[in-house]
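Q: need coordinates for the following:
(one chain, ligands or ions: 2)
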Amino acid sequence: MGGAVMEGVISKGLLKTSEIGIIDHNPSIVDKWVEKYGVRPMKMSELGQAERVLLALQPRHFLQLSDDLARPSVGYISTMAGISTTVLARRLGTKRVVRVMPNLGATIGKSQSAVTGTKEASEYGDLAFGHELFSSVGSVYDIPENLFNAFTGMVGSGPAYAAVFAEALADGGVRVGLPRSQANELAAKLLITTGELLLQKAHPAILKDEVASPGGTTIAGLEQIERYTFRAAAIEAVIAATKRGTELGMDE
Ligand SMILES: NC(=O)C1=CN([C@@H]2O[C@H](COP(=O)(O)OP(=O)(O)OC[C@H]3O[C@@H](n4cnc5c(N)ncnc54)[C@H](OP(=O)(O)O)[C@@H]3O)[C@@H](O)[C@H]2O)C=CC1
Ligand SMILES: O=C(O)[C@@H]1CCC=N1
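A: Ligands and ions are numbered 1, 2, ... in the order given. Down below sits the predicted model:
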């Protein structure tokens, strides 16, 4: 996620590469970005030189490392699932904290990202900067923090659910005789087309009704979708992911 945001920022010209430093404990990841863009490799001891820090590590690593990351003069922008601004502020020793929840769309400039921040983050321009950062990789939504885990459970995790649906559709295609490579491509394109139709045209229920001809093929397929409780599975997935977000953010 850190790499995706960096690429967005560079491609949109929001920052010069000379203004960006990166830290990762894996030297091959640092080398890759330094070679590709000429950004500056940084040491943890240099973190205080930064104006702002994007935290794109796993929540459990953050909870282990927060003492090393804390610098009172820095504004922090976190993409970590579950970790609230209250925990960020307490662990990092500053109230200049912004919480963001992007999704994998960031890697192609098409994330839907939720953003929120503290009063101090707003006063110091960190919140506005967080908006700019994530606008460089897609659309940004101001979401109140009490809905952040819900946004994470649906939208942050959402690409994985959609990918499983695409894979299952393609399996279905293969089951009835389509070649695998074609079935995979068709499933992906079908999801794009349906997304565009939903945005441009209609409520999902109306779209579904438009496709299903009386006594036709679609209603026969939909009957099985209902029979195998597809909707309940999707709802339960979002509920479970939201709950997991709450668990990941628990701190003492
Ligand atoms: N992937 C997604 O779709 C989304 C992810 N997020 C959030 O973004 C964050 C990053 O996710 P993602 O990019 O997928 O995770 P990754 O595990 O791919 O990236 C985290 C990076 O941090 C590195 N890292 C681990 N420990 C340290 C350390 N001690 N010092 C420096 N670097 C370290 C990891 O190295 P190594 O691989 O060696 O452990 C890895 O390169 C997570 O908090 C996640 O909740 C939010 C929305 C969507
Ligand atoms: O699975 C996760 O925890 C992260 C957060 C949202 C998407 N990936």
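Q: need the longest helix for the chain.
A: Secondary structure of the chain per DSSP state H: the longest helix is helix 180-200.
Q: that helix - contacts with which helices or strands?
A: helix 158-175, helix 204-211 (3 or more Cβ pairs under 8 Å, 6 or more residues apart in numbering; DSSP states H and E). Heads up, the C-betas are built off the backbone N, CA and C, glycines and all.
Q: shouldn't residue 66 be within a strand?
A: No - read with DSSP: H, G, I helix; E, B strand; the rest coil, residue 66 is helix and lies in no strand.
Q: check which helix or strand covers the closest residue to it other than its chain neighbours.
A: Nearest residue to residue 66, sequence neighbours excluded (Cβ to Cβ, 6 or more residues apart in numbering): residue 91, at 3.8 Å. Secondary structure assignment for residue 91, by DSSP states H and E: helix 85-92.
Q: next, give phi and psi for residue 39.
A: phi -70, psi 170 (degrees, to the nearest 10).
Q: how much space between the closest residue in space to it that isn't next to it in sequence and ligand 1?
A: Closest residue to residue 39 apart from its sequence neighbours, by Cβ to Cβ, 6+ apart: residue 20 at 4.4 Å. Note on residue 20: its distance to ligand 1, by Cβ to the nearest ligand atom, to the nearest Å, is 16 Å.
Q: burial count for residue 20?
A: 19 (other Cβ atoms under 10 Å).
Q: ramachandran coordinates for residue 98?
A: According to degrees, to the nearest 10, residue 98 has phi -120, psi 140.
Q: so residue 127 makes contact with residue 115?
A: Yes - the criterion here is Cβ atoms under 8 Å, and residue 127 meets it with residue 115 at 7.2 Å.
Q: list the residues that contact both of those two?
A: residue 98 (Cβ atoms under 8 Å, 6 or more residues apart in numbering).
Q: which residue sits closest to the closest residue to ligand 2 within the chain, ignoring its sequence neighbours?
A: Ligand 2 sits closest to residue 156 of the chain, with a gap of 3.3 Å, by Cβ to the nearest ligand atom. Counting by Cβ to Cβ, 6+ apart, the nearest residue to residue 156 once its immediate chain neighbours are dropped is residue 101, at 4.8 Å.
Q: got the residues of this protein near ligand 2?
A: 81, 152, 156, 157 (Cβ under 6 Å from any ligand atom).
Q: buried subset of those?
A: 81, 152, 156, 157 (16 or more other Cβ atoms under 10 Å).
Q: among those residues, which ones lie close to ligand 1?
A: Okay, of these touching ligand 1 (Cβ under 6 Å from any ligand atom), that's 81, 156.
Q: I'd like the buried ones among the residues of the chain next to ligand 2 written out as TSV, with secondary structure, pLDDT and distance to residue 47 added.
A: What follows is those, written out as TSV (DSSP: H, G, I helix; E, B strand; the rest coil; pLDDT from 0 to 100; distance: Cβ to Cβ, whole Å):
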residue	secondary structure	pLDDT	distance to residue 47
81	coil	98	22
152	helix	98	26
156	helix	98	26
157	coil	98	30
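Q: can I get the buried ones among the residues of the chain next to ligand 2 in TSV including distance to residue 14?
A: Converted to TSV, these look like this (distance: Cβ to Cβ, whole Å):
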residue	distance to residue 14
81	24
152	24
156	22
157	27
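Q: now find how far off-centre the helix or strand harbouring residue 226 is within its chain.
A: In this assignment (DSSP H and E), residue 226 forms part of helix 217-227. Chain-centre distance of helix 217-227: 32 Å, with Cα atoms, centre = their mean, to the nearest Å.
Q: I'd like to know which elements it is packed against.
A: Using 3+ Cβ pairs under 8 Å, 6+ apart, helix 217-227 is in contact with no helix or strand.
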